[in-house]
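Predicted structure and sequence below. I'll ask about it afterward.
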Amino acid sequence: MSLEGTSIEYDKLTFKDNASPLTFKKATHKLPVSKDEIAVKVTAAGLNPVDLVIYYTFHPWVSYLFPSYRTLGRDYSGTVVQVGSDLQNQYYVGDKVFGYVPTLSTGTLAQYLFLKPKTKHDASIVRVDSSVTDEKLVDFAGIPLVFLTTVQSLSVAPLSDKSRVVIIGGSTSLGWTAIQLLLNHYKVKPENLVSVNVSRSNSFVQELGVLQQNTINYDQVDSIQNPVLEKAKDGKFDLILDAAGNSDLFDHIKEILKSKEENGHYVTLVGDHKPVYASSLLARFPSSFASFKRFIYWNLIGGGPIHYQFRNVHASKKDIDLAYRLYKEGNYKVIVDSIYRSEEVTEAYKRLESNQARGKVIVKF
């Protein structure tokens, strides 16, 4: 399939503000695409918690100031349907692709995307083998953001097969991605990997390679501090990756994590507390103040005993290529919780917001 005519009209998800429903509205794009652009017919879009943060942050006054940013979706998979003249030898009509779009003004919950792969913000795109079926292509929409965030978080520490790591939130999407990367890419030994997760997820993380004796169930203890301290008797950890929101370990962090001089790293993605998605960024700031203060003093000023970092994702062709290489090697798999039709997008976001999804929530077009 290829596009014809001088323009195309297509459906794109938008919303008025955080009190309004999600709706698909018509958008238009001129054809043919510009010389440095490709058109992708979207097969599926992966949903992420950041979508909920964006939606709930858009109070009416925010929507008034930033009307073009009222879109959702960062991940996509689909088929190339038109190629600009400068990209004729790099992409072809019929190519199956997946990727990540960081810009708020784009939003991947749309029937079509118009991307500029040579620019930094659209560079996270991978062409998959032609043998990939349309059904399997849907799953690829669950890879980009979670993989990029995880691999970039892990990259702050010099990991090796001798590294010792704690993952807080091992059954979250970031957690199960980290487990696979640590065991299969960084070659961390299973006996040196600890997963903190809810007890009902033990079999889930153990199927990914976590040892039974190395699962700590946060729902069965008042604090994870003592169980982690017990594990640290076998050797301090090189990295703690917090994908869930926790502050239990800081009172004894020197006994748990290697020092700054020994390259001990604590990487958090959400701060000290489990995120409440139904709140704006401004409303969440007071509960996040302690972690921000720690970040400034420990990391920016350098006064803390360890490296402490918040991680934000950035577009990366190298990292998204790594995701596909590991996938083809059988060393990484995307775990899908549920797939919804585009007209069920509100129900899909409710599933994501429930915190009950075990794997990615995907919307199929």
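Received the coordinates, thanks.

Which residue, other than its chain neighbours, is closest to the residue nearest the centre of the chain?
Of all residues in the chain, the one closest to the mean position by C-alpha atoms, centre = their mean is V146, 2.4 Å from it. Among residues not flanking V146 along the chain, S173 sits closest, at 4.6 Å (C-beta to C-beta, 6 or more residues apart in numbering). Every C-beta, even on glycine, is put in place using the N, C-alpha and C of the backbone.

do G5 as well
For G5, ignoring the flanking residues on the chain, the nearest one in space by C-beta to C-beta, 6+ apart is L31 at 5.7 Å.

right, and the residue nearest to V146 touches I362 too?
No. Counting by C-beta atoms under 8 Å, S173 stays clear of I362, with 11.7 Å between them.

hang on, A39 in a helix?
No. Assigned with DSSP: H, G, I helix; E, B strand; the rest coil, A39 falls outside any helix and is strand.

Show residues contacting the helix or strand that contains Q82.
Following DSSP states H and E, one finds Q82 within strand 75-83. Strand 75-83 is contacted from outside by 1-3, 31-33, 38-46, 48, 91-101, 108, 112-113, 137-145, using C-beta atoms under 8 Å, 6 or more residues apart in numbering.

all helices of the stretch 201-350 of the chain, in order?
Here the stretch 201-350 of the chain has its helices, by DSSP state H, counting those that start in this stretch, at 202-207, 225-232, 253-256, 281-294, 317-329, 345-353.

Show the backbone phi and psi for G99.
Dihedral pair for G99: phi -180, psi -170, per degrees, to the nearest 10.

how deep is the nearest residue to V270 once chain neighbours are set aside tucked in, by neighbour count?
Computed as C-beta to C-beta, 6+ apart, the closest residue to V270 that is not its neighbour in sequence is G245, at 4.4 Å. For G245, the count of nearby residues is 19 (other C-beta atoms under 10 Å).

G245 and Y218 touch, don't they?
No. G245 lies out of contact with Y218 (C-beta under 8 Å); the separation is 10.8 Å.

For the stretch 101-250 of the chain, which segments count as strands?
Per DSSP state E, counting those that start in this stretch, the stretch 101-250 of the chain has strands spanning 112-115, 125-127, 165-168, 193-197, 215-217, 239-242. These are given in chain order.

contacting residues around the fourth one?
The reference is to strand 193-197. With C-beta under 8 Å, 6+ apart as the criterion, strand 193-197 contacts 164-171, 175, 179, 182-183, 204-205, 209-211, 214-218, 224, 228, 231, 237, 244, 246.

So that I can see them in ChimeraX, could you write out a selection of the buried residues among those residues?
In ChimeraX, this line selects whichever of the contacts of strand 193-197 come out buried by 16 or more other C-beta atoms under 10 Å:
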select :164,165,166,167,168,169,170,171,175,179,182,183,204,205,210,214,215,216,217,218,224,228,231,237,244,246
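
Now K26: which helix or strand?
Here K26, judged by DSSP H and E, is contained in strand 23-30.
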